[in-house]
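Undergrad: Here is the input, now give the coordinates:
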Amino acid sequence: MDVPGARRMFGSMPVVAVATIDPDGSPHVVPLWFVWVEDAIYVSTRTDARTWRNAERDPRVSISIDLGRSWNELAGVEVLGSAEILPAEHPSMRQPISAWHEKYRSLLAGEGFGAFTEAVHHLGFLRVVPERLRSWDHARD
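TA: Reported below is the predicted structural model:
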């Protein structure tokens, strides 16, 4: 699977699993919201979160995105790359932030946006340009 195909197939999924490396070398995996804009995946996280700190120290990340429920529907992609950490206010974040708001607007409607901004004081993003992809598709195996 190539990057454009992976973006078309998995870009609309609501959550990715992001793996970073803890200081002791063990993996730290969390589900996070994301947008896949053109050549990069932008994963939202708090700037005071373990994921952010891990990426500051060691930018190597793995992102897993999957879909399907029954075994013969399961498909997914693992994206390997290096994270560039960007605060939401960074000048290059205008298009990704707009796409992120559009994608999650319905989940933040009404009281949701207020609750989100109350809980997340410092929003940041990991920008990951795919360096390598690994994919699986049980429907085609």
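Undergrad: From the centroid of this protein, which residue is nearest?
TA: residue 43 (3.4 Å; Cα atoms, centre = their mean).
Undergrad: contacting residues around that residue?
TA: 16, 18, 32, 33, 34, 63, 83, 125, 126, 128 (Cβ atoms under 8 Å, 6 or more residues apart in numbering). The way it works is simple: take the backbone N, C-alpha and C, and place the C-beta from them, glycine included.
Undergrad: Repeat that for residue 1.
TA: 9, 77, 133, 135.
Undergrad: my read: the first one touches residue 66, true?
TA: No: contact criterion Cβ atoms under 8 Å: residue 9 and residue 66 do not qualify, at 10.5 Å.
Undergrad: shared neighbours, the two?
TA: Common neighbours of residue 9 and residue 66 (Cβ under 8 Å, 6+ apart) are 75, 77.
Undergrad: isn't there a strand covering the residue nearest to the centre of the chain?
TA: Yes: with DSSP: H, G, I helix; E, B strand; the rest coil as the criterion, residue 43 is part of a strand.
Undergrad: who does it bridge with?
TA: Judged by DSSP bridges, the bridge partners of residue 43 are residue 34, residue 126.
Undergrad: separation between it and residue 30?
TA: Using Cβ to Cβ, to the nearest Å, residue 43 is found at 10 Å from residue 30.
Undergrad: Now do the shared contacts for those two.
TA: With Cβ under 8 Å, 6+ apart as the test, residue 43 and residue 30 both reach residue 18.
Undergrad: Quick one: the helices in the chain, in order.
TA: 3-10, 50-57, 94-104, 111-119 (DSSP state H).
Undergrad: Point out where the chain drops to low pLDDT.
TA: The model of the chain has pLDDT under 70 over residues 108-121, 141.
Undergrad: what's the single longest strand in it?
TA: In the chain, taking DSSP state E as the definition, the longest strand is strand 75-87.
Undergrad: Brilliant, that's me finished.
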